[in-house]
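Participant: Test case, fold it:
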Amino acid sequence: MPFRFVLSILLWGGWMSVGAEPTRPNLVFILADDLGYGDLACFGSRHIQTPNLDRMAAEGMKLTDFYAGCTVCAPSRCVLMTGRHGGRAAVRGNAGTGTDANRQALPTGSVTVASVLKESGYATAMFGKWGLGELNSPGHPLSQGFDTFFGYLNQTHAHNYYPEFLISNRETVPLRNRLARAWLESPQAAKAPKGSGWADPAARIDYSHDLIFARSLAWLKENHGKPFFLYLPFTLPHANNEAARGVGDGQEVPDHGIYADWDWPAPDKGQAAMVSRLDRDVGTLLTRLKEYGIENRTLVLFSSDNGPHREGGNRPDFFQASGPFQGTKRSLHEGGIRVPTLAWWPGTIRPGSSSAHAAYFGDLLATACELAGVPVPPDTDSLSFLPTLTGEGKQAVHRYLYWEFHEQGTRQAVRFGDWKAIREPMLSGPIRLYNLTRDPQERTDLADTHPEKVQEAARLLHEAHEPNPQWPVPGEK
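Facilitator: Prediction:
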């Protein structure tokens with residue numbers, strides 16, 4: 001840990017002593033669902049209004065080269081929680097439920113951001129979408145370091161913004177919504193996880209995001225006087241895929257807000273309204289931190305689990321949701337994995353700053369450890385980016401960043417320095433090579449003219465991938 005940062009913590013009051021423990025910095029991580037790099041005004045959006053996130057950027061730092069853990073939900077969240085990249089993570093795809101449920105659960109004994117901070121004395125809570133273990137699996141949030149959980153365990157259940165129930169810790173909480181008969185009588189309903197589908201329009205009463213956010217504020221009110229880790233993986237602006245197939249619009253939101261009278265199709269209005277609703281609640285959260293007088297000792301990070309989706313009627317091309325990059329969710333091009341990321345810590349992070357330090361979800365673990373003053377667990381792929389945020393000490397740099405994806409075949413990607421390589425299928429397919437500094441859109445494949453970089457990429461792709469019988473690769477021995 002950088003000396004000057006250690007000194008600054010000690011000057012806050014010596015948090016090593018029990019009496020001064022509340023002065024240890026808090027950590028809040030807000031995770032949007034399927035939010036693209038270009039979906040925020042502060043990252044270039046010309047369509048969607050996000051004044052609170054823009055203010056967060058103006059008062060804090062934009063991380064322009066920050067990457068998700070994968071290009072879909074579950075594996076990205078696994079990397080975020082465990083600090084291990086996709087080639088060594090326990091969860092490497094959206095495996096679904098039923099016979100595949102164990103593939104999608106964090107195993108017993110996993111080391112997570114929550115477990116490390118809990119062991120060091122932090123209160124830990126999560127409100128939103130988990131996706132890494134069902135009710136009775138070892139991957140349940142309460143088995144992975146969280147003291148409190150409220151929201152969705154199952155990803156498909158989380159598609160439904162008007163569900164019949166949510167989960168509070170290990171208990172089912174019934175809501176006033178009622179599933180639509182058209183869904184219940186459809187062939188898909190029998191195969192889907194309990195609670196999935198879409199609600200009867202006459203029985204859309206309890207909007208899940210609003211309930212989840214309200215619970216998080218109540219928890220913060222009760223726990224803001226002690227060191228805490230608050231994880232907020234919201235579902236906005238993910239589509240309800242089942243509703244999209246059933247009724248033609250999966251962008252479920254109580255109202256279209258300021259976009260109601262805009263000359264857009266309903267799904268576009270819904271998409272924009274979901275992002276603006278998310279923005280509104282981020283603003284509310286930051287205001288609460290200030291009201292409690294803890295903003296100067298609370299690091300707030302905001303990001304997205306992967307690139308923008310093409311589901312529910314959403315049109316990422318219309319919104320230019322991938323920003324200057326190509327690719328969307330399920331692509332390993334930059335648009336599928338480079339995500340809009342903000343850091344806010346008044347008095348510590350220089351307002352209006354920006355960093356092109358290449359970091360990724362797996363770095364949250366080491367960053368949290370440095371923040372709390374505890375060692376980074378062994379056998380991780382995590383480097384703290386706290387020096388980038390504070391401007392104190394030397395920032396360690398990854399030798400490479402790695403991703404792999406186990407849907408629609410297999411593929412893998414690696415970023416090393418200025419270079420990025422994508423291989424499809426994994427381990428055996430041709431390697432495409434790009435220079436991100438000169439060609440961030442990844443338009444020109446340079447594999448033929450830079451064989452030495454192709455060889456280097458091949459070595460890294462082989463090195464990063466650890467075989468896992470739960471996530472087999474065709475032809476792998």
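Participant: hey, where'd the helices end up in the stretch 151-300 of the chain?
Facilitator: Here the stretch 151-300 of the chain has its helices, by DSSP state H, counting those that start in this stretch, at 181-184, 187-191, 208-223, 241-247, 266-291.
Participant: who touches the fourth one?
Facilitator: To tie it back to what came earlier, the one meant is helix 241-247. 156, 159-160, 180, 182-183, 186, 188, 192, 196-198, 249-250, 252, 311-313 (Cβ atoms under 8 Å, 6 or more residues apart in numbering). No exception for glycine: its C-beta is placed from N, CA and C like everyone else's.
Participant: repeat for the first one
Facilitator: If you take Cβ under 8 Å, 6+ apart as the criterion, helix 181-184 is touched by 189, 197, 198, 200, 242, 246, 247.
Participant: how far does it sit from the chain's center?
Facilitator: 31 Å (Cα atoms, centre = their mean, to the nearest Å).
Participant: List the buried residues in that helix.
Facilitator: residue 183 (16 or more other Cβ atoms under 10 Å).
Participant: For stretch 116-129, what is the spacing between the initial and final residues?
Facilitator: Chord length of stretch 116-129, first to last residue, is 20 Å (Cα to Cα, to the nearest Å).
Participant: Buried residues of it, list them for me.
Facilitator: Going by neighbour count (16+ other Cβ under 10 Å), the buried part of stretch 116-129 is 116, 117, 118, 120, 122, 123, 124, 125, 126, 127, 128, 129.
Participant: Can you flag which of those belong to strands?
Facilitator: Among the buried residues of stretch 116-129, DSSP state E puts 123, 124, 125, 126, 127, 128, 129 in strands.
Participant: can I see the domain layout of the protein?
Facilitator: Domains of the chain are assigned by automatic domain parsing as 24-402, 409-464.
Participant: Show the contacting residues for the residue lying closest to residue 178 once chain neighbours are set aside.
Facilitator: Of all residues not flanking residue 178 in the chain, residue 203 sits nearest, at 3.7 Å (Cβ to Cβ, 6 or more residues apart in numbering). Contact partners of residue 203, counting by Cβ under 8 Å, 6+ apart, are 162, 176, 177, 178.
Participant: CSV please, covering the ones in strands among the buried residues of stretch 116-129 and showing distance to residue 278 and pLDDT.
Facilitator: Listed next are those as CSV, based on distance: Cβ to Cβ, whole Å; pLDDT from 0 to 100:
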residue, distance to residue 278, pLDDT
123, 24, 99
124, 22, 99
125, 19, 99
126, 17, 99
127, 14, 99
128, 11, 99
129, 13, 99
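Participant: For stretch 245-252, buried residues please.
Facilitator: Residues 246, 249, 250, 251, 252 are the ones in stretch 245-252 that count as buried (16+ other Cβ under 10 Å).
Participant: same deal with stretch 408-422?
Facilitator: Neighbour-count burial for stretch 408-422 [16+ other Cβ under 10 Å]: 410, 411, 412, 413, 414, 415, 416, 419, 420, 421, 422.
Participant: what's in contact with that stretch?
Facilitator: 67, 87, 330, 332-334, 337, 358, 399-405, 423-427, 429, 431-438, 442, 453-454, 456-457, 460-461, 464-465, 473-474.
Participant: so residue 463 is in which element?
Facilitator: Taking DSSP states H and E as the criterion, residue 463 maps to helix 451-464.
Participant: Restrict the contacts of residue 203 to the buried ones and give me that as a ChimeraX selection.
Facilitator: Provided next is the ChimeraX selection string for whichever of these are buried by 16+ other Cβ under 10 Å:
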select :162,177
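Participant: before we move on, the earlier item: with respect to burial, which of the domains of the chain scores highest?
Facilitator: Comparing those by mean neighbour count (mean count of other Cβ atoms under 10 Å), domain 24-402 ranks first with a mean of 21.
Participant: Ends of that one, what's the gap?
Facilitator: With Cα to Cα as the measure, domain 24-402 spans 32 Å from end to end.
Participant: Could you do stretch 189-200 as well?
Facilitator: Rule used - Cα to Cα; the end-to-end distance of stretch 189-200 is 14 Å.
Participant: How far off centre is that stretch?
Facilitator: 24 Å.
Participant: on that earlier part again, Throw the buried residues of stretch 408-422 into JSON lines and include pLDDT, secondary structure and distance to residue 172, thanks.
Facilitator: Formatted as JSON lines, those follow (pLDDT from 0 to 100; DSSP: H, G, I helix; E, B strand; the rest coil; distance: Cβ to Cβ, whole Å):
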{"residue": "410", "pLDDT": "96", "secondary structure": "coil", "distance to residue 172": "36"}
{"residue": "411", "pLDDT": "98", "secondary structure": "strand", "distance to residue 172": "38"}
{"residue": "412", "pLDDT": "99", "secondary structure": "strand", "distance to residue 172": "39"}
{"residue": "413", "pLDDT": "99", "secondary structure": "strand", "distance to residue 172": "39"}
{"residue": "414", "pLDDT": "99", "secondary structure": "strand", "distance to residue 172": "42"}
{"residue": "415", "pLDDT": "99", "secondary structure": "strand", "distance to residue 172": "42"}
{"residue": "416", "pLDDT": "99", "secondary structure": "strand", "distance to residue 172": "47"}
{"residue": "419", "pLDDT": "99", "secondary structure": "strand", "distance to residue 172": "49"}
{"residue": "420", "pLDDT": "99", "secondary structure": "strand", "distance to residue 172": "44"}
{"residue": "421", "pLDDT": "99", "secondary structure": "strand", "distance to residue 172": "46"}
{"residue": "422", "pLDDT": "99", "secondary structure": "strand", "distance to residue 172": "42"}
